[in-house]
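In: sequence first, then the predicted structure:
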Amino acid sequence: QVQLVESGGGLVQAGGSLRLSCAASGRPFSITNMGWFRQAPGKEREFVAAISWSGRNTDYADSVKGRFTISRDNAKNTVYLQMNTLKPEDTAVYYCAQSRTSSYYGGVESAYAYWGQGTQVTVSS
């Protein structure tokens, strides 16, 4: 049974930082690609960042480039999202996702078959 459990969300002031973690189980983590998506109230879910199974490829939404960093630790079956210089518009529920196969498609949402429950990030102005 696949499980993706996010943690690290919370309330932070604008300009602050948070690090999200996603612990995965149930599938061979080291050969699957991972992504972070977010959904703000009243908006559709959107891509934030993705990392290939090897860690050699990463992609970011334009809105977070230079501020967010995705990384993974295959020994711990965990993917991270370091978020710096947070803005109020980053407020959303952040979801971790795991790909169907080892083929890397970056931020293409349909490439991800498994999803976590989400963690709330709130950035106050």
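Out: It's in. Numbering: from 1, shown residues only.

In: which residues does the residue nearest the centre of the chain bridge with?
Out: Centroid-nearest residue in the chain, with C-alpha atoms, centre = their mean: residue 36, separated by 2.2 Å. Beta bridges link residue 36 to residue 49, residue 96, judged by DSSP bridges.

In: and it, what does it touch?
Out: By C-beta atoms under 8 Å, 6 or more residues apart in numbering, the contact set of residue 36 is 20, 22, 48-50, 70, 79, 81, 94-97. Any C-beta I mention is one placed from the backbone N, CA and C, and that applies to glycine too.

In: what's the closest non-adjacent residue to residue 22?
Out: In space, and not counting its chain neighbours, residue 22 is closest to residue 96: 3.3 Å by C-beta to C-beta, 6 or more residues apart in numbering.

In: spatially nearest residue to residue 92 (excluding sequence neighbours)?
Out: residue 38 (3.8 Å).

In: just checking, what packs against the host helix or strand of residue 94?
Out: According to DSSP states H and E, residue 94 maps onto strand 92-99. Applying 3 or more C-beta pairs under 8 Å, 6 or more residues apart in numbering; DSSP states H and E, one finds that strand 92-99 makes contact with strand 3-7, strand 18-25, strand 34-39, strand 112-115, strand 119-124.

In: how about those strands in CSV, adding distance to residue 57 and mean pLDDT?
Out: Formatted as CSV, those follow (distance: least, C-beta to C-beta, whole Å; pLDDT from 0 to 100):
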stretch, distance to residue 57, mean pLDDT
strand 3-7, 20, 97
strand 18-25, 18, 97
strand 34-39, 11, 98
strand 112-115, 15, 97
strand 119-124, 24, 98
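
In: just those strands: most buried one?
Out: Highest mean neighbour count among the helices and strands packed on strand 92-99 (mean count of other C-beta atoms under 10 Å): strand 34-39, with a mean of 24.
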